[in-house]
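S.K.: Test case, fold it:
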Amino acid sequence: MGHRRRTLGMHGCALNIETVFLDAGGVLVWPNWARVAEALRRHGVDVDAQALAAADAVARFSLDEAHAIGKSTDQRRSNSFFDLVLMEAGLELSEKTAAALAEIREYHREHNLWEIVPDFVMPALRKLRSAGYKLVVVSNANGTLHRLFDRLGLAPMFDVILDSDVERLEKPDRRFFELALSRSESAPATTVHVGDFYNIDVTGARRAGLQAILVDEADLHRDRDCTRIRSIAELPQLLRG
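M.R.: Residues are numbered from 1 along each chain as shown. Below you'll find the model as predicted:
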């Protein structure tokens, strides 16, 4: 497939875009909160899966602090993330919640909990591919991302998939983006990265010379100095300018 060039105008910048880097969690796939709610109920904690899903974006926003990102790893942030979701959903942390989360973390290590693909994802990816863009996943993950995307039927939509645990690099390290550029035979000036953490995705992409778009589904990052979208459903139109 030929790769077309599209002009992306953001904050006074016009760039010819040929390659789209995409984060996985919070952009392409979401946690299976129904599975989490079931685990909690098995340990005597009653919660609605929708309440957990509603707390997801707020928990990620709480973690998106530059000083915290710089002093942590993706694994540590993942552990904090689940606690924050439970508290935001109105639950009190206890031995019961800890036991349920231990069960969930074990499932995640083996299978990957981020196994829900929203309805808008595949149509958006098809539009991007039909427009001729190279599509590359650049994700902080736990070594299961390739198997997950095979299981979900997402793998054929991408030219390259990079999992931080496999590569031993993670965002916001610019070297992870540089590796993705090399693997996909792309150039920084014609590549845009789309992710849901400002201090991981936007900051890291900019360090590597890429333009960046922030997925802000709950409209919480209003003061950020970057283009924001609610979901990648908006991305094909945005790239068309």
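S.K.: rest of the way, CA atoms for contacts and neighbours
M.R.: Noted.
S.K.: Show me the protein divided up by domain.
M.R.: Per the record, the chain has its domains at 6-29+115-240, 33-110, by automatic domain parsing.
S.K.: got JSON lines for those, with mean neighbour count and mean pLDDT too?
M.R.: Compiled in JSON lines, those are given as follows (neighbours: other Cα atoms under 10 Å; pLDDT from 0 to 100):
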{"stretch": "domain 6-29+115-240", "mean neighbour count": "18", "mean pLDDT": "94"}
{"stretch": "domain 33-110", "mean neighbour count": "16", "mean pLDDT": "92"}
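S.K.: ok now do the residue of the chain most remote from its centre, which residues does it touch?
M.R.: The centre of the chain is farthest from one residue, G44, which by Cα atoms, centre = their mean lies 30.9 Å away. Contact analysis of G44 by Cα atoms under 8 Å, 6 or more residues apart in numbering lists K96.
S.K.: does it sit in a helix, a strand or a coil?
M.R.: coil (DSSP: H, G, I helix; E, B strand; the rest coil).
S.K.: do you know how far it is from A37?
M.R.: Applying Cα to Cα, to the nearest Å, the value for G44 to A37 is 11 Å.
S.K.: ranges for the strands of this protein?
M.R.: Using DSSP state E, the strands assigned to the chain run over residues 6-10, 13-17, 19-22, 134-139, 160-163, 191-195, 211-215, 227-229.
S.K.: now those strands as TSV including distance to V117?
M.R.: Converted to TSV, these look like this (distance: least, Cα to Cα, whole Å):
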stretch	distance to V117
strand 6-10	26
strand 13-17	25
strand 19-22	14
strand 134-139	15
strand 160-163	16
strand 191-195	16
strand 211-215	15
strand 227-229	18
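S.K.: which one of those lies closest to A54?
M.R.: Minimum separation from A54 across these (Cα to Cα) falls at strand 211-215, 15.7 Å.
S.K.: For that closest one, name the packing helices and strands.
M.R.: On a contact count with 3 or more Cα pairs under 8 Å, 6 or more residues apart in numbering; DSSP states H and E, strand 211-215 meets strand 191-195, helix 203-207, strand 227-229.
S.K.: With distance to E178 as added columns, please give those in a markdown table.
M.R.: Output for the helices and strands packed on strand 211-215, formatted as a markdown table (distance: least, Cα to Cα, whole Å):
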| stretch | distance to E178 |
| --- | --- |
| strand 191-195 | 11 |
| helix 203-207 | 9 |
| strand 227-229 | 22 |
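S.K.: Which of the ones you listed sits closest to L152?
M.R.: When these are compared for distance to L152 using Cα to Cα, the nearest one is strand 191-195, at 19.7 Å.
S.K.: quick one: the closest one to strand 211-215, angle?
M.R.: For strand 191-195 against strand 211-215, the angle by axes from the mean of the first three to the mean of the last three Cα atoms, to 10 degrees is 20 degrees.
S.K.: change the start of the numbering to 32 and stick with it
M.R.: Okay, residue one is now 32; in that scheme the one you just asked about reads as strand 222-226.
S.K.: do you know how far E134 is from R73?
M.R.: Distance, E134 to R73, using Cα to Cα: 10 Å.
S.K.: what does stretch 141-161 rub up against?
M.R.: Stretch 141-161 has contacts (Cα under 8 Å, 6+ apart) with 56, 59-63, 135, 138-139, 166, 173, 175-176, 179, 183, 185, 188, 263-267.
S.K.: do stretch 125-134 as well
M.R.: 67, 70-71, 73-76, 113.
S.K.: can you rerun that using 6 Å?
M.R.: For stretch 125-134, the surrounding residues in contact (Cα atoms under 6 Å, 6 or more residues apart in numbering) are 70-71, 74.
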